[in-house]
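Colleague: Sequence isn't available, so here's the structure alone:
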């Protein structure tokens, strides 16, 4: 059972464009939603995270939009740069004492110069 | 650099063998998580330890075991290895059991021949 569904699998964007990655979750007990960035040969690095009490969080060029009623959240990368080319994972955790992260399948982002 | 260290970086072994992966959490972090990353399954939670005690289990095979030592480093033991165990194994750490922010190490790439 895939509890966090991520789309698209891959995304190609031109430099300066907006990259949008979407995730949907099923478990209403989830209360923490991070996004991780992973470069080849490296471990996932925390990019930005949000909790359900806010609908949007912005950090620099990265914004998370959160829709609790639809059980969906998305990552927007503004002014995308070639250096942003990486795999992005959404994740979710929460519900009592369960702090494990449940990950989406990942999105391979390519930003063309 | 997340501050989480993992050794070895690469490991090549044969089917039926046993290996040990090591993780040192960030200074001050009491909780350690192990994840497996493969092409078909994505990032999957294996097990969590907090201050030396097992706290949560995911889809960890019975052939796999882990422990966290008094100095808080953790080891993941994989035995009776099969070809399908070939994957990237990541360790993550967080300050407390109740802290959601997890910082990932660089991973150990295991190849079973």
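Modeller: Okay, I see it. Bear in mind that the values here come from a model prediction, so they are computed numbers and not experimental data. Numbers count the residues shown, from 1 in each chain, chains lettered A, B, ... in the order given.
Colleague: Can you pull out the low-pLDDT segments for chain A?
Modeller: A:1-2, A:95-98 (pLDDT under 70).
Colleague: which residues of the chain fall in strands?
Modeller: Picking chain A for this. Along chain A, counting by DSSP state E, strands occupy A:4-7, A:10-14, A:19-25, A:33-38, A:45-50, A:56-59, A:62-67, A:72-77, A:86-92, A:102-103, A:107-112.
Colleague: looking at chain B here, not the other one
Modeller: B:5-7, B:10-13, B:19-24, B:31-38, B:42-50, B:53-57, B:64-68, B:74-78, B:87-94, B:103-104, B:108-112.
Colleague: would you turn those into a markdown table with mean pLDDT and distance to chain A?
Modeller: Heads up, the C-betas are built off the backbone N, CA and C, glycines and all. Converted to a markdown table, those look like this (pLDDT from 0 to 100; distance: least, Cβ to the nearest Cβ, whole Å):
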| stretch | mean pLDDT | distance to chain A |
| --- | --- | --- |
| strand B:5-7 | 97 | 8 |
| strand B:10-13 | 97 | 10 |
| strand B:19-24 | 98 | 11 |
| strand B:31-38 | 95 | 7 |
| strand B:42-50 | 93 | 4 |
| strand B:53-57 | 91 | 6 |
| strand B:64-68 | 97 | 14 |
| strand B:74-78 | 98 | 15 |
| strand B:87-94 | 96 | 5 |
| strand B:103-104 | 95 | 4 |
| strand B:108-112 | 97 | 8 |
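Colleague: Go through the strands of chain A and name the closest to chain B.
Modeller: strand A:102-103 (4.1 Å; Cβ to the nearest Cβ).
Colleague: helices or strands next to the closest one in the packing?
Modeller: Here strand A:102-103 touches strand A:86-92, strand B:42-50, going by 3 or more Cβ pairs under 8 Å, 6 or more residues apart in numbering or on different chains; DSSP states H and E.
Colleague: ok, back up a step: compare the strands of chain B and report which one is nearest to residue A:75.
Modeller: Nearest of the strands of chain B to residue A:75, taken as Cβ to Cβ: strand B:42-50 at 16.2 Å.
Colleague: Pull the residues that contact the closest one.
Modeller: A:44, A:89, A:91, A:99-106, B:30-38, B:54-60, B:64, B:66-68, B:74, B:76, B:90, B:96-97 (Cβ atoms under 8 Å, 6 or more residues apart in numbering or on different chains).
Colleague: if we can go back for a sec, now the helices and strands packed on strand A:102-103 in TSV, with mean neighbour count?
Modeller: Conversion of those to TSV gives the following (neighbours: other Cβ atoms under 10 Å in any protein chain shown):
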stretch	mean neighbour count
strand A:86-92	24
strand B:42-50	22
